[in-house]
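# model this:
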Amino acid sequence: MQPSAASSSDVTARLDASSRVVIPWLIRLRWVSLASLAVAAWAASAFWQIRLPLLPLLALLAAMAATNLALSLQLRSPAPRRTLIGGALLLDAALLTGVLVLLGGPLNPFSIVYLVGITMAAVTLGRRWAIGLAVFSNVAYGLTFVYNRPFEFDHASGNSGLVDHASNNALLALHLYGMWVALAAAAGLIAYFVGRIAEALEQREGELTASRAAAARSERLAALFALGAGAAHELATPLSTIRTAAMELERTLPNHADMPGAIPGYVRVMRTEIDRCTAVLDGLSGRASSTAAGDTGVHLPALLHDVRMRIGATLAGRLDVRLPDAPRAIEAPVEPLCQVLVALIRNAFDASAPDQRVTLLVNQQPSLRVEVTDAGRGMAPEEAARAGEPFFTTKPPGSGLGLGLFLARAFADQMGGSLRWQSTVGKGTSVVLDLPV
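Below you'll find the predicted structure:
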């Protein structure tokens, strides 16, 4: 029973959240319905010479206008609920019943307008509201058979075709013409308004899906940050011990002349690799805080110089950089941005042959756009669809963890930008990073 209750609660919450999308269209529909009833009343008086009960009819139309204004004020509420929509549709059915009672009862062809409200309830409020409104409309329409004001024609008009209000032929012709007009009006209202509401709800569902995906990525990113910080904390002490031992070994080696000449070189390699591991762990432990830190200004040439230094001289020699003619300073978290660029460039070189070059194109019109393009092996469509997932990689085992694109896209999301890629097997991959900086 608990999953069912949770599912029902989720549906209710989703429908409540859709109220802000639906209410504006409901208000427009009610204004159009109000105008249509007023025009229909005027046409009945002008063309068919029907005598109208003006005061009661105007009172009903004024009530619909007043409730529509009140419904418009609800848009200022931070969380308008779907009960407002259901109440408005029930009120519309009651007001329509009043109009039918005043104008011919069941002979009035505009009873088809009941279907507009029922259709809206089915689309926006769910099955229960639609069934409830359908039952209410049927009961209300049934009352018009008992309580109604018959059509009264204006004898003073001199129109012999409609003078005799007792003529069955005149009433039948009036009903048939009215059914035609009412069907056209109801069909137009349903096709336009309900279609637009469905489109608006579909767009909202797409936005919610994107938001949920972004939230899921943020949760996974936070978990990775916590894992990295924990690993950095646990490994810091043994690395510090190894560094101290290497330094002591390097200092005592000159005192032993019988040592082979290659050993000092091995010790220097150990020191270099220990320093590299320490830098990586520092990045893991500080990446989260640096991403959330305040913006710092940096010029593009200085940023790209730092990127070249990090990827090494060998890869930097195969990197073609294209900058704008007059590069401007960037207001962005410099360290995370530099790490993202390094990750994208390394991915491009890993996918390329040793003699292939990688292009880095930077544009600042109007926002910062960085495009990294390689002519490597590329990705199949199913691989490109999964690229960006944490721990998914197309590299050989042991060559990478599959976190580069994931962290780059997480950084782009946090900055309000985007990361996208296109890849073709055998032709290469192009990754575009857009940042509003």
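
# so T373 sits in a strand?
Yes. Counting by DSSP: H, G, I helix; E, B strand; the rest coil, T373 falls inside a strand.

# any idea what it is bridged to?
T373 has the following beta-bridge partners by DSSP bridges: T359, S430.

# just checking, what packs against the helix or strand harbouring L73?
Using DSSP states H and E, L73 falls within helix 54-73. Secondary-structure packing of helix 54-73 (3 or more C-beta pairs under 8 Å, 6 or more residues apart in numbering; DSSP states H and E): helix 19-47, helix 82-102. For every residue, glycine as well, the C-beta is placed using N, CA and C.

# out of those, which gets nearest to V269?
helix 19-47 (63.1 Å; C-beta to C-beta).

# buried sites along stretch 363-381?
364, 368, 370-379 (16 or more other C-beta atoms under 10 Å).

# who's in contact with T373?
348, 358-359, 361, 428-431 (C-beta atoms under 8 Å, 6 or more residues apart in numbering).

# which of the helices and strands in this protein ranks last by mean pLDDT?
helix 160-163 (a mean of 42; mean pLDDT, DSSP states H and E).

# picking up where we left off before, of the contacts of T373 - the most surrounded one?
Within the contacts of T373, most neighbours by other C-beta atoms under 10 Å means A348, with 26 neighbours.

# and the pLDDT for it?
Listed pLDDT for A348 reads 92.

# does it touch Q356 like I think?
No. Using C-beta atoms under 8 Å, A348 makes no contact with Q356, being 9.3 Å away.

# which neighbours do the two have in common?
By C-beta under 8 Å, 6+ apart, A348 and Q356 have these common neighbours: 374, 376.

# the helix holding L73: how far from the chain's middle?
On the basis of C-alpha atoms, centre = their mean, to the nearest Å, helix 54-73 sits 36 Å off its chain's mean C-alpha point.

# got the angle between that helix and helix 82-102?
If you take axes from the mean of the first three to the mean of the last three C-alpha atoms, to 10 degrees, helix 54-73 sits at 170 degrees to helix 82-102.

# check which residues of helix 54-73 are buried.
So for helix 54-73, counting by 16+ other C-beta under 10 Å, buried means 57, 60-61, 64, 67-68, 71.

# can you check stretch 324-341 too?
Buried, per 16+ other C-beta under 10 Å, within stretch 324-341: 330, 332-341.

# now the end-to-end length of it.
Stretch 324-341 has its terminal residues 17 Å apart, counting by C-alpha to C-alpha, to the nearest Å.

# quick one: low-confidence ranges for the stretch 1-150 of the chain?
1-21, 74-82 (pLDDT under 70).

# P264 and L249, how far apart?
Taking C-beta to C-beta, to the nearest Å as the measure, P264 and L249 are separated by 9 Å.

# for this structure, just list every one of the strands.
In the chain, the strands defined using DSSP state E lie at 296-299, 319-322, 329-332, 358-363, 368-374, 418-424, 428-435.

# and the angle for the fifth one with strand 428-435?
If you take the same axes, to 10 degrees, strand 368-374 sits at 170 degrees to strand 428-435.

# just the fourth one next, same as before
Interaxial angle of strand 358-363 relative to strand 428-435 (the same axes, to 10 degrees): 30 degrees.

# residues near G312, how many?
Count around G312 with other C-beta under 10 Å applied: 11.

# ugh, typo on my part, it should be F349
21.

# how about L208?
With other C-beta under 10 Å as criterion, L208 counts 13.
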